[in-house]
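Pasting a predicted model and its sequence here:
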Amino acid sequence: MNTKKLLLLATASMLVSTLFSQTEATTNGGKKVLLYEDGTWLYADSVPLYNVKAVAIKKLEIPKLNGKDLPVSHVGYTFLYNEEHEQSSWVAYELTKEETSKAVERTDKFLADPAVKTETANNKDYLNSGYDRGHLAPAADMGWSETAMAESFYYSNMSPQQPSFNRGIWKKLEELVRTWAVEYTSLYIVTGPVLKPGLPSIGANKVSVPKYYYKVILDYTEPELKAIGFIMPNENIDHAIYDYAVSIDSVEKFTGIDFFPSLPDGQEKIIEKTRCIPCWTWGTSSSGTSPKPIENKPTGPATHTSTNNGTSPVQPHNTSVQCSGTTQSGNRCKKMTTSSNGRCYQHGG
């Protein structure tokens, strides 16, 4: 190895420090750059909440409640039951790195939820319906406790999902979120069906069959606070997970639910409007290939030191996603958009 390369590596070791999903480097001009595992990079000051201080907040995962909302808490999750649709409007919980370590096996014992006074759906509602009893809070997220695992099979935590959806991209998203919980130490998660009037139903209890499902994830661990949302149709999906990534604001507009209302106002505004694809790691296994960088690359740092095999950084992503807006007929818009708010030009993008 020549002297110049040794000097480069020595300089890199002094300037670069590892930070969870990315590496921090410094350009010759003194600017801080975040280098991601997939070869992309961002200026640190372009990540809105990088190095912003987190504050202690209890029950941060709970969406905004109105006077008549009566959420129910189990050991592993809290939910708001929707009697009209016979399933939960949302299920919320915190998932920590420690809780991803499985201590108990999956039970597969589906039960009516005794905590719901108006009664939940039951086995007969789903029998021969053609739909899976799709978990909202995944059983695999509850493997840290025997009680939490058992309660994850309550029908308050179930929703009718197409088998190809439940066992396909929805499962892959759940696996990806568990990977993130390990990587980012702790996540706040809210997930559920998009419940609107006029949905088809199954069973004697008329359990609504949603057209869409959502999941919102908040990483409230320094140094890089961030959040991301997903809206996915209840159908077989061949696209990559990140194609359905949108801002939290977009999920709020689509569902009518106010997520993470306990955040300080300034943080909530920035976190919920931002859709930063490269702020998250996407992997290349169960979650599909990583997002591709844009072809027309903007001008980046001229030179920098890094551990990125000595190569220049690839530019940030500008991934196209399906618009999260709703058409007049109540369906999700099919247009694709690169807008940061996840909406096409007709829906405010």
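That came through fine.

Could you use CA atoms for every contact and neighbour count after this?
Noted.

Now stretch 255-262 - C-alpha only, PDB.
In PDB, the C-alpha atoms belonging to stretch 255-262 read as follows (Å, rounded to 0.1, in the frame of the first residue of the first chain):
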ATOM      1  CA  THR A 255     -56.500   8.600   7.800                       C
ATOM      2  CA  GLY A 256     -57.700  11.700   9.800                       C
ATOM      3  CA  ILE A 257     -55.600  10.600  12.800                       C
ATOM      4  CA  ASP A 258     -53.200  13.000  14.500                       C
ATOM      5  CA  PHE A 259     -50.000  11.100  15.300                       C
ATOM      6  CA  PHE A 260     -47.400  11.900  17.900                       C
ATOM      7  CA  PRO A 261     -49.300  14.900  19.400                       C
ATOM      8  CA  SER A 262     -47.100  14.900  22.500                       C
END
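
buried set for that stretch?
255, 257, 259-260 (16 or more other C-alpha atoms under 10 Å).

Adding distance to residue 167 and secondary structure, write these out as a markdown table.
Output for those, formatted as a markdown table (distance: C-alpha to C-alpha, whole Å; DSSP: H, G, I helix; E, B strand; the rest coil):
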| residue | distance to residue 167 | secondary structure |
| --- | --- | --- |
| 255 | 24 | helix |
| 257 | 26 | coil |
| 259 | 27 | coil |
| 260 | 28 | coil |
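
How far does stretch 30-37 sit from its chain's centre?
24 Å (C-alpha atoms, centre = their mean, to the nearest Å).

low-scoring stretches of the stretch 151-300 of the chain, by residue?
Along the stretch 151-300 of the chain, the model assigns pLDDT under 70 to residues 284-300.

returning to that earlier point: okay, the buried residues of stretch 255-262 in TSV with distance to residue 166 next?
Putting the buried residues of stretch 255-262 into TSV (distance: C-alpha to C-alpha, whole Å) gives the following:
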residue	distance to residue 166
255	20
257	23
259	24
260	26
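
which other residues reach whichever strand or helix holds residue 170?
Using DSSP states H and E, residue 170 sits within helix 169-184. For helix 169-184, the surrounding residues in contact (C-alpha atoms under 8 Å, 6 or more residues apart in numbering) are 20-21, 95-98, 100, 138, 141, 165, 187, 219, 221, 236-238, 241, 281-282, 286-287.

after that helix comes which helix or strand?
strand 186-193.

which strands and helices sit next to that next one?
Under the contact criterion of 3 or more C-alpha pairs under 8 Å, 6 or more residues apart in numbering; DSSP states H and E, strand 186-193 touches strand 87-96, strand 212-219.

Return the list of strands paired to it, each annotated with direction.
Here strand 186-193 is paired, per DSSP bridges, with strand 87-96 (antiparallel), strand 212-219 (antiparallel).

Make TSV out of those strands and add mean neighbour count and distance to residue 152.
Listed next are the strands paired with strand 186-193 as TSV, based on neighbours: other C-alpha atoms under 10 Å; distance: least, C-alpha to C-alpha, whole Å:
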stretch	mean neighbour count	distance to residue 152
strand 87-96	24	11
strand 212-219	22	17
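
Point out the one among these that comes closest to residue 202.
Residue 202 lies closest to strand 87-96 among those, at 12.0 Å (C-alpha to C-alpha).
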